[in-house]
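Q: Sequence first, then the predicted structure:
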Amino acid sequence: METVKVILKQNRRKRLEQGHPWVFRSEIDRMEGELEPGKDLVNVVNHAGHFLAQGFYNAKSQIAVRIITYSQDPVDEKMFLEKIDQAWERRKWLRPQVTSCRVVHGEADFLPGLIIDKYEDVLVIQILSKGMEERRDWIINSINQIFKPRGIYERSDVPVRQLEGLEEREGFTANNFDTVVIVKENHLEIMVDVAAGQKTGYFFDQRENRAALKPFMTGWGKRRGIIVKDGIPTDKRGQVIKNPFWDGAEVLDCFSHTGSFMLHACLYGAKKVTSLDISESAIEMARNNALRNGFLHRTEFVQANAFDYLREQVKGQKSWDVVILDPPAFAKNRQAIEGALRGYKEINLQGMKLVRTGGILVTASCSYHLSAEKFLDTIQSAAVDARKILRLIEFRRAGVDHPVLLGSSETDYLKFAIFEVFDRA
Ligand code: SAH
């Protein structure tokens, strides 16, 4: 049987040639041959009949084809095993010490619609496309072969599956096991429940960004008037300061979830961290993680809506050395972008008002509908309204286990900025 051909229009954006692994229905001129029931592998060719790639066809989706390979090799379980193995080898090469990370980041690892996260000896999969759904057994077999995990949990409980004509699914892929895992990151122990946490349980994409907090967590004692004489810190009146974290920052960590930023702040010497989240279970998890790492006495926890809390603290003239804002994606689709921008502006506006002059604002957005440029514009416009001058120290993206394909802007979603905040009269 000849493989079914998807013939692309002559006048289209050369998206596929630019490395974008999706073919939209509107780009297709016609199809040659008919797919047998249950089959979805097609050859994508250009208008002149020149072979471009092989992909999985989905009649139910606007993304008609997702490219699986630019070669003519057989698309079989062996290919899946090799792709997943290569993705894992790449992580081990770039981050040899890391035991928990994203192993497969969908399109950017040439496995469109497949997420695999490794939580020590537990693997979590998320399947977002029909082509991957059809090959779920290959995926699970490959994971078992490469990692020999304690268990594999599926977190395909996301509404975008509807766009592919798929129902949501969540649960054990085989035997039951304890879904609570202690993840090791930058010498910290972080308790994560892969069955209950956000997304697949934790956010590996900010690993490097969390480590980037380090220099900003100390160096605040002098600004508070503490003098060091013969190695002994004293206050203005000459009283010796007993708190070993006297030089550490006072930090507000908003949208704290597992508390991963709070834990890093403590690890790097923060004096006190206030962790805020709207969810009771998130606060519980963050508190447990503080306890586990011996940071309980340097932390406090607030369960509140960040929008209300930030405004109230501004009114009460509270202030911090460092304010961290790591909100969920306010813009889940392009239509929601206007409302999302208002949300981002509001929390950044209030957040920066709470930063002492010369202090630090750490702010992130994981919404890929918001470009880096628009993100920075929004923060700048908040700064103007708040009468602040912002000086950018670092602008960062997702970590190396979340690679970015230059031809596919969807893979580049995370923005993370560190600013110094100054008052403007
Ligand atoms: N910084 C976290 C990840 C943030 S996830 C980490 O390091 O793991 C987003 C978090 O924001 C979730 O835990 C969610 O409960 C919380 N959240 C969502 N809306 C909120 C709101 N309006 N106020 C406070 N927290 C909110």
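A: Structure received. Residues are numbered from 1 along each chain as shown.
Q: Skipping its backbone neighbours, what lies nearest the most centrally placed residue in the chain in space?
A: What sits nearest the mean C-alpha location of the chain, by CA atoms, centre = their mean, is Asp205, with 4.1 Å. Excluding its sequence neighbours, the residue lying closest to Asp205 (CB to CB, 6 or more residues apart in numbering) is Ala398, at 4.1 Å. C-beta here means a position set from N, CA and C on the backbone, and glycine is covered the same way.
Q: burial count for that neighbour?
A: 25 (other CB atoms under 10 Å).
Q: thinking it is in contact with Lys415, fair?
A: No - using CB atoms under 8 Å, Ala398 makes no contact with Lys415, being 9.2 Å away.
Q: How is the residue nearest to Asp205 assigned, secondary-structure-wise?
A: Classification of Ala398 using DSSP: H, G, I helix; E, B strand; the rest coil returns coil.
Q: Check the spacing between it and the ligand real quick.
A: Distance of Ala398 to the ligand, given as CB to the nearest ligand atom, to the nearest Å: 13 Å.
Q: wait, what's in contact with Arg136?
A: The contact partners of Arg136, by CB atoms under 8 Å, 6 or more residues apart in numbering, come to Ile127.
Q: any idea of the pLDDT on the residue nearest to the centre of the chain?
A: On pLDDT, Asp205 comes in at 95.
Q: again, but for Tyr368
A: On the pLDDT scale, Tyr368 is placed at 84.
Q: Quick one: residues contacting it.
A: By CB under 8 Å, 6+ apart, the contact set of Tyr368 is 329, 409-410, 412-413.
Q: cool, His187 as well?
A: Leu267.
Q: ok, now which ones touch the residue nearest to the centre of the chain?
A: 102, 366, 398-399, 401-402, 414.
Q: Just give me the closest of the residues you listed to the ligand.
A: Cys366 (8.2 Å; CB to the nearest ligand atom).
Q: Look up phi and psi at the closest one.
A: phi -110, psi 20 (degrees, to the nearest 10).
Q: all numbers from here: first residue = 45
A: Sure, I'll start counting at 45 from here, so that last one is Cys410.
Q: and it, what is it in contact with?
A: Neighbours of Cys410 in contact, by CB under 8 Å, 6+ apart: 249, 372-373, 457-459.
Q: State the distance from it to Ala373.
A: 5 Å (CB to CB, to the nearest Å).
Q: Show me where the stretch 295-444 of the chain has its helices.
A: 304-311, 324-336, 350-359, 381-397, 416-430 (DSSP state H, counting those that start in this stretch).
Q: Redo the ones you listed as JSON lines? Include mean pLDDT, distance to the ligand and mean neighbour count.
A: Formatted as JSON lines, the helices of the stretch 295-444 of the chain follow (pLDDT from 0 to 100; distance: least, CB to the nearest ligand atom, whole Å; neighbours: other CB atoms under 10 Å):
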{"stretch": "helix 304-311", "mean pLDDT": "98", "distance to the ligand": "4", "mean neighbour count": "27"}
{"stretch": "helix 324-336", "mean pLDDT": "95", "distance to the ligand": "4", "mean neighbour count": "18"}
{"stretch": "helix 350-359", "mean pLDDT": "98", "distance to the ligand": "3", "mean neighbour count": "17"}
{"stretch": "helix 381-397", "mean pLDDT": "95", "distance to the ligand": "8", "mean neighbour count": "20"}
{"stretch": "helix 416-430", "mean pLDDT": "97", "distance to the ligand": "16", "mean neighbour count": "17"}
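Q: Generate TSV for the ones you listed, with distance to Ile107 as supplementary columns.
A: Formatted as TSV, the helices of the stretch 295-444 of the chain follow (distance: least, CB to CB, whole Å):
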stretch	distance to Ile107
helix 304-311	32
helix 324-336	33
helix 350-359	34
helix 381-397	20
helix 416-430	24
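Q: Settle this for me: Gly443 is touching Ala255, isn't it.
A: No - between Gly443 and Ala255 there is no contact under CB under 8 Å: 9.2 Å.
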